[in-house]
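Visitor: please find the sequence and the predicted model below.
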Amino acid sequence: MQGVFTRSPWLERWWRRQRRLAAARETVRCLRDGRYRRRDISATVDGRQRWSLRCFRFSRYVAHLLLVVSAIFILFVDRTLPLQAFISTPSSTLPVVTASVAPVGQAIMIAPAVRRTSTMKVEPIAPDLQAPVVVATAFQATHILAENETLTEIAARYRIPLRTLVWTNQLDRGDALRVGQPLRIARLAGMTHTVAAGETLIELAERYGVAPEAIATFAPNRLTNGQLVVGREIFIPGGQLPWTSEQEATFAQRKAEPVGIVLNDETNVRSGPSTDHPRQAQLSAGRQVALRGRYQDWVKIDIGDISGWIRVDLLSVDAGQVQALPEVRDFPPPPPRWVWPAQGVVTSGFGPRWGGFHNGIDIANAAWTPIVAASSGWVREAGWCSGYGYCVKIRHPGGIETIYGHLITRPVVRVGQEVRAGQLIGHMGSTYDRAGGGYSTGVHLHFTILVNGRAVNPLRYLP
């Protein structure tokens, strides 16, 4: 009989499923009706009787519900709290909260911890943008030249080419370097240029081998619509001029030396230490000349390819520095103070002539024979002269003046020009001014010497 009433395994499994469905339905009804009681349903499983909970336990699920409500309340009440604070809070700053068995009191303690995380600095996705630095000048610094410091050392210190250092400070003019001289240090390779009248951007770009845009868009040049301003200095980025290895070697070892500064414009550099020596060149004020030696009131100088002599009073130079220079005597002798104004034959002397007085001498020769200054001086008059036709009048030191008359055409010198003895001033001819009382019988030079306005015999001065 036992075997007849024993349920089969599949029937037993079906019966257990029915019991579980019934328990689930009962749980739903408990939650819906608000009933929170237990029922003792005795079931025999493997010969033992056990208790089953038909409704959910109150404390467990109510705690979960309160935890969720608290989190939603904090989120909607405090609008400043980002949602990321609940999602991506690092484990090192906040404790790990498990919702399985956390009591209600623990949920209340979470809010201050989460609120503190809202003040943390969030790392940006991209780096901060910075405004570009405005460059107002093409030069990064001004270097003061020290004693025994070479240009190569300065260029290496500021990491610029030597040629850029030379060009931006106009050292290629040949001026000497002095201790304490300021040198402009460019920001990049290139050179400076002072705009002259008639120059264009295209012309400058071709001259210095760069693109016009490189000049126009370089901010320190301040070119509006690419328009050049006459007299303004601009910087040519990457600009170049011819530069040889010999120049590189020469400037590489340049350093400060004894220097004199020219005080006045048109300062004469002469071949020797006297005004009788011919002029080598003229320098403008501000040029720096290297001092090489001295003789009496003169100093021997070098500037570029020019070597000559300048009077000490024409230079800004320390007296002790001049006395420390070696004395130099190897200079050429001065030219003769007086020379014959032309080659030819004296056809008429100084003194009475034709019932009058001849205030000079006549030297005859072929037309276009050169006429030169008989002594060094300054041209007082040049052109058409009363009585003489084309003539030249030269003023000399000591109140002396010479007159050269009857030139064939306009003189080759101008008023105010300085001339030296033997310098060409015109050519022999036969012009005269009848309205001024002049007369000429043939090609010759009329030569007169005045001392304090009074005519003297030229033969007393000519060698």
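Guide: It's in.
Visitor: quick one: contacts for residue 459?
Guide: Residue 459 makes contact with 349-350, 361, according to C-beta atoms under 8 Å, 6 or more residues apart in numbering. For the C-beta atoms, the positions are set from N, CA and C on the backbone; glycine is no exception.
Visitor: one more: residue 252?
Guide: 150-152, 162.
Visitor: out of the residues you listed, list just those in helices.
Guide: Counted as lying in helices by DSSP state H, out of those, are 151-152, 162.
Visitor: thinking again about what came up before, show the buried residues in the contacts of residue 459.
Guide: Buried residues within the contacts of residue 459, counting neighbours by 16 or more other C-beta atoms under 10 Å: 350, 361.
Visitor: now, which of the contacts of residue 459 lie within strands?
Guide: Judged by DSSP state E, the contacts of residue 459 include residue 361 as members of strands.
Visitor: can you redo the contacts of residue 459 as a markdown table with distance to residue 28?
Guide: A markdown table is the format used below for these (distance: C-beta to C-beta, whole Å):
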| residue | distance to residue 28 |
| --- | --- |
| 349 | 157 |
| 350 | 154 |
| 361 | 151 |
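Visitor: roughly how far apart are the residue nearest to the spatial centre of the chain and residue 203?
Guide: The C-alpha lying nearest the average C-alpha coordinate of the chain belongs to residue 138 (C-alpha atoms, centre = their mean; 3.3 Å). Per C-beta to C-beta, to the nearest Å, residue 138 is found 20 Å from residue 203.
Visitor: mind listing what's buried along stretch 297-313?
Guide: So, applying 16+ other C-beta under 10 Å, buried residues of stretch 297-313: 298-303, 308-311.
Visitor: where in the stretch 201-350 of the chain is pLDDT low?
Guide: For the stretch 201-350 of the chain, no stretch is flagged by pLDDT under 70.
Visitor: what are the ranges of the helices in this protein?
Guide: 2-5, 9-33, 58-77, 84-87, 104-117, 151-158, 162-168, 201-208, 212-216, 245-252, 319-323.
Visitor: lowest-confidence stretch among these?
Guide: The minimum mean pLDDT among those belongs to helix 104-117 (a mean of 43).
Visitor: what about residue 183, neighbour count?
Guide: Residue 183 is flanked by 21 other residues according to other C-beta atoms under 10 Å.
Visitor: tell me which residues form a beta bridge with it?
Guide: residue 143 (DSSP bridges).
Visitor: I'd say it and residue 154 touch.
Guide: Yes: in this structure, residue 183 is within contact of residue 154 by C-beta atoms under 8 Å, at 6.6 Å.
Visitor: now list whatever residues contact both of those two.
Guide: Counting by C-beta under 8 Å, 6+ apart, the residues touching both residue 183 and residue 154 are 143, 145, 165.
Visitor: where's the last one relative to residue 176, distance?
Guide: Going back to what we said before, that points to residue 165. 16 Å.
Visitor: contacting residues for the nearest residue to residue 321 once chain neighbours are set aside?
Guide: Once flanking residues are discounted, residue 321 sits nearest to residue 258: 5.4 Å by C-beta to C-beta, 6 or more residues apart in numbering. Applying C-beta under 8 Å, 6+ apart, we find residue 258 in contact with 290-291, 321, 324-325.
Visitor: list buried residues within the residues you listed.
Guide: 290-291, 325.
Visitor: quick one, what contacts residue 429?
Guide: 367-368, 389-390, 406-409, 443.
Visitor: hey, what's it bridged with?
Guide: Going by DSSP bridges, residue 429 forms beta bridges with residue 444.
Visitor: measure it to residue 391 for me?
Guide: Counting by C-beta to C-beta, the gap from residue 429 to residue 391 is 10 Å.
Visitor: again with residue 442
Guide: Residue 442 is 17 Å from residue 391, by C-beta to C-beta.
Visitor: the two: which has the busier surroundings?
Guide: residue 391 (27 against 10).
Visitor: which non-adjacent residue is nearest the more buried one?
Guide: Distances taken as C-beta to C-beta, 6+ apart put residue 385 closest to residue 391, at 3.9 Å, once the chain neighbours are dropped.
Visitor: surely the one you found and residue 435 touch.
Guide: No: applying C-beta under 8 Å as the test, residue 385 and residue 435 come out as separate, 11.7 Å apart.
Visitor: those two: which is more packed in?
Guide: residue 385 (22 against 8).
Visitor: what residues are bridge-paired with the more buried one?
Guide: Counting by DSSP bridges, the residues bridging with residue 385 are residue 389.
Visitor: need the pLDDT of residue 90.
Guide: 48.
Visitor: actually residue 1, sorry about that
Guide: 45.
Visitor: just residue 193 next, same as before
Guide: 95.
Visitor: what about it, distance to residue 211?
Guide: Using C-beta to C-beta, residue 193 is found at 15 Å from residue 211.
Visitor: so residue 346 is in contact with residue 360, correct?
Guide: No: here residue 346 does not reach residue 360: they are 10.5 Å apart, not a contact under C-beta under 8 Å.
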